[in-house]
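Q: Here you go, sequence then predicted model.
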Amino acid sequence: MDLFVFNDIEKDDTIKAMVERDNIPLLRGIVRFAETEGVTSDSIKEYVVSLLANDDNILSQLARSGKKIGKDLKGFAKLDADLVFKKLLGKAAVKYSASGNDTGFYEGYIESIRSITMANSPEELLDRLILHYQILGCGSLAKYIAYRYDGEELSGIPDFDKTKFDDLVGLERQKKILMDNTEAFLDGKFSNNMLLFGDRGSGKSSSVKALLNMYADRGLRVVELPKSAITRIPKLTAELAKSPHKYILFLDDLTFERHDTEYRALKIAMEGQLQAAAGNVLVCATSNRRHLIRETIADREGGEFNVNDNMQEMLSLAERFGISLFFPSPDPKEYINIVKVLLERGGIEMTEDIRKEAVQWEMRYGGKSGRCAKQFVTDYVNKHGDFKEGDEV
């Protein structure tokens with residue numbers, strides 16, 4: 001077809017079959033696509049649109065980075081849109097409708113693909129593609145709101161935890177600080193890396209998930225990575241800097257030994273390298289330890305200067321987090337209140353007998369915490385409440 005800007009899609013085997021009107025390989029490709037990614041009833045047209053929307057070309061690169069698109073570049077892209085409309089989006093020789101299963105894609109991505117698929121002219125097609133690039137970017141980073149990074153590959157998480165801040169009873173101060181910082185981040189204002197530390201089951205990780213669910217529609221994304229991938233953060237942030245979204249790099253349950261190489265790598269990645277930090281990336285870590293580094297008896301020995309050096313070394317990482325929030329375990333009264341609120345959401349009123357059961361539960365399982373309260377309520381509602389599949393506690 002000799003496209004100028006979107007020429008990479010010509011290499012696709014299904015597109016080749018479409019151009020050549022070779023229906024057998026065409027349908028093979030369409031069936032695979034429709035049943036894994038399809039979100040409309042016009043699978044063939046959607047296939048072409050999906051390739052265009054996820055094509056990494058000079059037009060999509062400029063649009064997703066917020067840069068100017070020149071008249072000449074747009075003119076060549078318009079020529080491509082004309083040809084695509086004529087050769088690929090005309091009356092299809094075959095039809096196929098997807099089964100309609102959940103793709104796990106972000107709803108905003110699905111709506112955009114549907115809008116582009118409904119374009120009635122080359123001009124509409126191009127305008128909607130550019131809008132897609134500007135708001136969502138392209139490729140995997142456009143399709144999901146949560147990701148995992150193993151140090152090499154960034155993969156989307158289709159079924160992300162739906163925790164909301166309303167699910168976290170108490171913690172009002174912590175919630176407000178996290179929301180204020182995140183809103184500043186999304187608004188392009190000064191914002192801080194975040195360290196959430198405290199007792200297990202106190203809501204640290206759940207708060208990060210709640211942030212994502214609250215602000216996903218404003219462009220917030222979360223990338224979860226293990227400690228072993230910390231040395232690759234500069235590479236990751238360079239890739240994320242190309243996207244229109246804002247990203248929280250999420251390091252869950254983080255603790256270092258003094259000899260860990262990742263410890264120094266994280267210090268440098270957060271503050272200390274010559275490369276400027278990406279303006280669309282923050283780091284958020286959760287830990288049971290305020291200073292992140294496991295302290296040993298040896299750290300407190302060897303004289304005043306040695307002890308001071310050891311303390312400064314431990315503080316040097318924690319201080320790179322502008323926000324350090326403590327998440328305490330609830331006291332007995334707070335624990336019972338969490339149980340009471342969660343029970344009410346399951347349609348059950350707190351009684352003295354239930355209170356006694358809740359206390360016995362926390363004595364048997366893990367002690368007083370928000371997590372323990374939720375586990376008790378889940379068990380109790382399953383046994384006694386009008387609880388249906390899909391309901392949330």
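A: Great, that's in hand.

Q: where does this structure have low pLDDT?
A: 91-93, 272-278, 294-316, 366, 385-393 (pLDDT under 70).

Q: Spatially central residue for it, please.
A: residue 146 (2.3 Å; Cα atoms, centre = their mean).

Q: what residues are up against that residue?
A: By Cβ atoms under 8 Å, 6 or more residues apart in numbering, residue 146 lies in contact with 156-157, 160, 212, 221-224. (Glycine included, C-beta is placed from N, CA and C.)

Q: how about those residues, which pair is most distant?
A: 156 and 212 (13.1 Å; Cβ to Cβ).

Q: Residue 190: what secondary structure?
A: Three-state assignment for residue 190 (DSSP: H, G, I helix; E, B strand; the rest coil): coil.

Q: How much space separates it from residue 285?
A: 19 Å (Cβ to Cβ, to the nearest Å).

Q: The two: who's more crowded?
A: Neighbour count, other Cβ atoms under 10 Å: between residue 190 and residue 285, residue 285 has more, with 26 against 9.

Q: Phi first, then psi, for that one.
A: Residue 285 has phi and psi values of phi -120, psi 140 when expressed as degrees, to the nearest 10.

Q: was I right about residue 162 contacting residue 213?
A: Yes - Residue 162 lies in contact with residue 213 (Cβ atoms under 8 Å); the separation is 6.2 Å.

Q: More neighbours: the two, which one.
A: residue 213 (19 against 11).

Q: check which helix or strand covers the closest residue to residue 122 other than its chain neighbours.
A: Among residues not flanking residue 122 along the chain, residue 81 sits closest, at 3.9 Å (Cβ to Cβ, 6 or more residues apart in numbering). Assigned by DSSP states H and E, residue 81 belongs to helix 71-87.

Q: Sort out which residues of the helix or strand just after that helix are buried, please.
A: Remark: after helix 71-87, the chain's next helix or strand is helix 107-117, criterion DSSP H and E. Of the residues in helix 107-117, 108-109, 112-113, 116-117 count as buried by neighbour count, 16 or more other Cβ atoms under 10 Å.

Q: again with stretch 207-227
A: Neighbour counts over stretch 207-227 (16+ other Cβ under 10 Å) mark 207-216, 219-225, 227 as buried.

Q: How about stretch 134-150?
A: 134-139, 141-149.

Q: CA atoms only for that stretch, dumped as PDB, please.
A: Extracted C-alpha coordinates of stretch 134-150, given in PDB (Å, rounded to 0.1, in the frame of the first residue of the first chain):
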ATOM      1  CA  GLN A 134      -2.400  12.400  23.200                       C
ATOM      2  CA  ILE A 135      -4.600  11.000  26.000                       C
ATOM      3  CA  LEU A 136      -3.500   7.300  26.200                       C
ATOM      4  CA  GLY A 137      -0.300   7.000  24.200                       C
ATOM      5  CA  CYS A 138       0.100   3.700  22.300                       C
ATOM      6  CA  GLY A 139       1.000   0.100  22.800                       C
ATOM      7  CA  SER A 140       0.800  -1.700  26.100                       C
ATOM      8  CA  LEU A 141       1.000   1.500  28.100                       C
ATOM      9  CA  ALA A 142      -2.300   2.600  26.700                       C
ATOM     10  CA  LYS A 143      -4.200  -0.600  27.500                       C
ATOM     11  CA  TYR A 144      -3.900  -1.000  31.300                       C
ATOM     12  CA  ILE A 145      -3.800   1.000  34.500                       C
ATOM     13  CA  ALA A 146      -1.500  -1.400  36.400                       C
ATOM     14  CA  TYR A 147       1.700  -3.100  35.400                       C
ATOM     15  CA  ARG A 148       4.500  -5.400  36.500                       C
ATOM     16  CA  TYR A 149       8.100  -4.800  35.600                       C
ATOM     17  CA  ASP A 150      10.600  -7.700  36.100                       C
END
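
Q: Check the offset of that stretch from the chain's centre.
A: 8 Å (Cα atoms, centre = their mean, to the nearest Å).

Q: Likewise for stretch 182-202?
A: 15 Å.

Q: Stretch 331-342 too?
A: So, by Cα atoms, centre = their mean, the centroid of stretch 331-342 is 30 Å from its chain's centroid.

Q: what do you get for stretch 17-32?
A: Worked out by Cα atoms, centre = their mean, stretch 17-32 lies 34 Å from the chain centre.

Q: Please identify the buried residues of it?
A: Buried-residue list, stretch 17-32, by 16+ other Cβ under 10 Å: 17-18, 26-27, 29-30.

Q: right, and the pair among these with maximum separation?
A: Counting by Cβ to Cβ, the most remote pair of the buried residues of stretch 17-32 is 18 and 27, 10.4 Å apart.

Q: So residue 202 is in contact with residue 329, correct?
A: Yes - under the criterion of Cβ under 8 Å, residue 202 makes contact with residue 329 at 5.7 Å.

Q: Which residue of these two possesses the greater neighbour count?
A: Neighbour totals were compared for residue 202 and residue 329, and residue 202 leads with 26 against 17 (other Cβ under 10 Å).

Q: you'd agree that one is in a helix?
A: No - checked against three-state DSSP, residue 202 lies outside a helix; its state is coil.

Q: Can you list the neighbours in contact with stretch 103-122?
A: Residues contacting stretch 103-122 (Cβ under 8 Å, 6+ apart): 36-40, 42, 45-46, 49-50, 52-53, 78, 81-82, 84-85, 125, 128-129, 131-132, 135-136, 142-145, 156, 158-159, 216-217.

Q: what about residue 325, how many neighbours?
A: If you count neighbours by other Cβ under 10 Å, residue 325 ends up with 20.

Q: Remind me what the helix or strand that it is a member of packs against, helices and strands.
A: Assigned by DSSP H and E, residue 325 belongs to strand 323-327. Using 3 or more Cβ pairs under 8 Å, 6 or more residues apart in numbering; DSSP states H and E, the elements in contact with strand 323-327 are helix 172-186, strand 194-198.
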